[in-house]
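In: Would you be able to build a 3D model of this:
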Amino acid sequence: MEGTLRLRLLGPAQVEQAGQPLRSFKSRKALALLGYLALQEHPIPREHLVDLFWGDKSEDRGRANLSWVLHKISTLLPGCLEADRRTVQFQRVAPSTSSGQAPSALRQAQDNAGSGQAPYWLDIVAFEELEAQGDAASLAAAAELYRGELLEGMYLDDCAEFELWLVAERERWRQRVARVLGELVTYHSLRGQYQQGLRFARRLLELEPWREKTHQQVMRLLAYSGQRGAALAQYETCRRVLAEELGVDPAQETTQLYERIRDGELRVEAWEPGRWEDLPVALPSFLTGEETVEVERPVFVTRERELAQLQGFLDQALTGQGQVVFVTGDAGQGKTALIREFARRAQAAHPDLVVASGHGNAHIGIGDPYLPFREVLALLTGDVEARWTAGAITRDRARRLWYALPLAVQALVEASPDLIDLFVPGAALVKRAVACMPGGADWLSQLQELVERKALRRAQDIAALSDDPNLQQSALFEQYTRVVEALARQRPLLLVLDDLQWADAGSTSLLFHLGRRIEGSQVLIVGAYRPEEVALGREGKRHPLEPVVNEFKRHFGDIVVDLGEAEDL
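Out: Have a look, this model is predicted:
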């Protein structure tokens, strides 16, 4: 990529070739115009550009100035602009890095992302691509691309409209980078990589010095890594910043954390997988103490060969090669028992694995929309008490699901708000979230506001989906996928969908959408169904699950564990 022209906008605007800055851009307005166009994904009318950059000139003078600057940009960067008499568009490079291919190094990731086939490399395109991949290496590479605020140092005194746009755009990118840094802090903290987490937490404080939660994270990370004095000093920094910036004192939670560190009561040993108790999450009373509920354990006929098959699929998923697999067999052949035993062994072997399950239900009816996926999302957002009380899940599994609640709710609030009330009841979700995070969180207040707004303008309920199964279906599927992907960045997931022969068409469509998107994630979806019932179809038509299974077979290969075939051997 030696000859590639690089345009950097995250920080001081800079055009580079062969690693060296081009000195030809002497006009601040030309560089501002180039940056503005590069940030747009669609053609911009010339009239709009004239108003932004030459609003104080006559129309003829403004259009002439625009034409001259566009000519200058095209001369310096041939082929970067596509212009006609009405509109102008920057030729943004299409993303090229394959999903799920984690970069081996930050520099390699930055170079590869957004390279495309054109001769221009754009840091914002690279950032977007790396952010979408979502693994830790890609997110770290994205964070490295942020050298400072968007178009740092750029100001045009005579362009008020441009300045207003720039302020809003800088804030949007600042929030975007803050989310990436927050994910990296959580990722490294949960794995006991305190120095790495501390590095990203400090960068987050540079962006948002008033963010008290980040000060708390820095205090914990310093204490966990044995820097007790620095952790106590961080509290004083937090107190001073809050007083200067906001005129408030630290919250009680922050002061209590300071006192625990001061008195040597905060754990400082390294976190290990499964050490859920170190997370800043409050357990409800029914999940504290020892196991008291007898968990239902079905009679299980050993099927070591089939268990080994499923374990092989899980091993692939844990390396970031997520996929969908199926267990098939007639009624009474042990599909559910096999999957339960597999899940039990998998959780014992992988202390950070989270298991959630959903079922089709003949008693409720085929028309009940998205039932298996609503049950899965309910568990992932902490709705575990009823199942634990009934003995359907162990306390350990219930705790893991409860600890997943903050991550799932944050994803719902930030990227999947339409799922609230449609897939998971909002009022109950707020109660669980408040119980989980008694110290509060930014996303918690957002959740409460969102649920209140939905209550005022009651959205269409679950029943309405059965009347119109295509209602915003693509948007709902995408939002559900975002929640799963966000969780899988922090914890590997095993999602079980039983009795799919009774699932509605919407559920099978969602399964297909999700299955195509998890190939780069630590997610294994295990579906179970009775093949004879699927072969019979529904009401004289092809069963909606059949083409989905066939497509997954074509794409993933041999992904069926057939218990009927095993019994014939």
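
In: Now do residue 444, the pLDDT please.
Out: Per-residue pLDDT puts residue 444 at 81.

In: Would you check how far apart it and residue 411 are?
Out: Distance, residue 444 to residue 411, by CB to CB, to the nearest Å: 14 Å. C-beta: built from backbone N, CA, C; applies to glycine.

In: and if you look at residue 18?
Out: Residue 18 sits 41 Å away from residue 411, going by CB to CB.

In: Looking at those two now, which is surrounded by more residues?
Out: residue 411 (22 against 11; other CB atoms under 10 Å).

In: got the contact list for that one?
Out: The contact partners of residue 411, taken as CB atoms under 8 Å, 6 or more residues apart in numbering, are 482-483, 486-487.

In: Adding pLDDT and distance to residue 218 as columns, could you present those in TSV?
Out: Output for those, formatted as TSV (pLDDT from 0 to 100; distance: CB to CB, whole Å):
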residue	pLDDT	distance to residue 218
482	90	28
483	93	28
486	88	23
487	91	25
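
In: Tell me the most packed of those, by neighbour count.
Out: residue 483 (25 neighbours).

In: Under the pLDDT cut-off, which ranges of the stretch 351-500 of the chain? List them.
Out: Filtered on pLDDT under 70, the stretch 351-500 of the chain yields the residue ranges 362-367, 439-442, 457-472.

In: what do you get for the chain?
Out: Using pLDDT under 70, the flagged stretches of the chain are 1-4, 24, 93-119, 190-192, 267-280, 289-302, 362-367, 439-442, 457-472, 565-569.

In: quick one: buried residues of the one helix or strand residue 430 maps to?
Out: Element membership of residue 430 [criterion: DSSP states H and E] is helix 426-436. Of the residues in helix 426-436, 426, 429-430, 432-433, 435-436 count as buried by neighbour count, 16 or more other CB atoms under 10 Å.

In: now for the following helix or strand past it, which elements pack on it?
Out: Downstream of helix 426-436, the next assigned helix or strand under DSSP H and E is helix 442-456. With contacts taken as 3 or more CB pairs under 8 Å, 6 or more residues apart in numbering; DSSP states H and E, helix 442-456 sits against helix 395-415, helix 426-436.

In: distance between the shortest one and the chain's centre?
Out: Which is helix 426-436. 21 Å (CA atoms, centre = their mean, to the nearest Å).

In: can you list contacts of that helix?
Out: Counting by CB under 8 Å, 6+ apart, 281-282, 284, 381-383, 402, 405-406, 409, 412, 420, 444, 447-448, 450-451, 454-455 sit against helix 426-436.

In: Distance to residue 173 added to the helices and strands packed on helix 442-456, as CSV?
Out: Shown next, in CSV, are the helices and strands packed on helix 442-456 (distance: least, CB to CB, whole Å):
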stretch, distance to residue 173
helix 395-415, 16
helix 426-436, 28
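
In: what's the burial count for residue 13?
Out: 20.

In: gap between it and residue 537?
Out: The value you get for residue 13 to residue 537, if CB to CB is used, is 60 Å.

In: picking up where we left off before, select, out of the helices and strands packed on helix 442-456, the one closest to residue 493.
Out: Residue 493 lies closest, by CB to CB, to one member of the helices and strands packed on helix 442-456: helix 395-415, at 8.7 Å.

In: what are the C-alpha coordinates of the closest one, in CSV please?
Out: Coordinates of each C-alpha in helix 395-415 appear next as CSV, following Å, rounded to 0.1, in the frame of the first residue of the first chain:
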residue,chain,number,x,y,z
ARG,A,395,-28.1,-21.6,40.3
ASP,A,396,-24.8,-21.3,38.4
ARG,A,397,-26.5,-21.0,35.0
ALA,A,398,-29.0,-18.5,36.4
ARG,A,399,-26.1,-16.4,37.9
ARG,A,400,-24.3,-16.3,34.5
LEU,A,401,-27.5,-15.1,32.8
TRP,A,402,-28.1,-12.5,35.5
TYR,A,403,-24.5,-11.2,35.0
ALA,A,404,-25.2,-10.9,31.3
LEU,A,405,-28.1,-8.6,32.0
PRO,A,406,-26.2,-5.3,32.0
LEU,A,407,-24.5,-6.1,28.7
ALA,A,408,-27.8,-7.1,27.1
VAL,A,409,-29.7,-4.1,28.3
GLN,A,410,-27.0,-1.7,27.2
ALA,A,411,-27.1,-3.3,23.7
LEU,A,412,-30.9,-3.0,23.7
VAL,A,413,-30.9,0.7,24.7
GLU,A,414,-28.1,1.7,22.3
ALA,A,415,-28.8,-0.4,19.3
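
In: Centre of the chain to that helix, how far?
Out: Taking CA atoms, centre = their mean, the mean C-alpha location of helix 395-415 is offset from the chain mean by 13 Å.

In: Identify each buried residue in it, please.
Out: For helix 395-415, the neighbour count (16+ other CB under 10 Å) marks 395-415 as buried.

In: Next, the angle from that helix to helix 442-456.
Out: 70 degrees (axes from the mean of the first three to the mean of the last three CA atoms, to 10 degrees).

In: and the gap between the closest residue to residue 384 other than its chain neighbours and residue 120?
Out: Nearest non-adjacent residue to residue 384, counting by CB to CB, 6 or more residues apart in numbering: residue 398, 4.2 Å away. To residue 120, residue 398 is 52 Å away according to CB to CB.

In: what does residue 347 give?
Out: 48 Å.

In: Ramachandran angles for the residue nearest to residue 438 when sequence neighbours are not counted?
Out: Once flanking residues are discounted, residue 438 sits nearest to residue 282: 5.1 Å by CB to CB, 6+ apart. Residue 282 has phi and psi values of phi -90, psi 130 when expressed as degrees, to the nearest 10.

In: Same question for residue 11.
Out: Dihedral angles (degrees, to the nearest 10) for residue 11: phi 120, psi -160.

In: just the one 5 residues further on next, same as before
Out: According to degrees, to the nearest 10, the main-chain angles of residue 16 amount to phi -120, psi 150.

In: circling back to that earlier point, please tabulate the buried residues of helix 426-436 in JSON lines, including the columns distance to residue 189.
Out: Shown next, in JSON lines, are those (distance: CB to CB, whole Å):
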{"residue": "426", "distance to residue 189": "29"}
{"residue": "429", "distance to residue 189": "25"}
{"residue": "430", "distance to residue 189": "26"}
{"residue": "432", "distance to residue 189": "23"}
{"residue": "433", "distance to residue 189": "20"}
{"residue": "435", "distance to residue 189": "22"}
{"residue": "436", "distance to residue 189": "17"}
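
In: Of the residues you listed, just say which sits nearest to residue 208.
Out: residue 433 (22.2 Å).

In: need the helices for the stretch 451-569 of the chain, in chain order.
Out: With DSSP state H, counting those that start in this stretch as the criterion, the stretch 451-569 of the chain has helices at 462-467, 473-488, 505-517, 531-536, 545-556, 563-568.

In: and the residue nearest in space to the middle of the chain, what is it in contact with?
Out: Centroid-nearest residue in the chain, with CA atoms, centre = their mean: residue 486, separated by 2.9 Å. Each residue near residue 486 by CB under 8 Å, 6+ apart is listed here: 134, 407-408, 410-411, 415.
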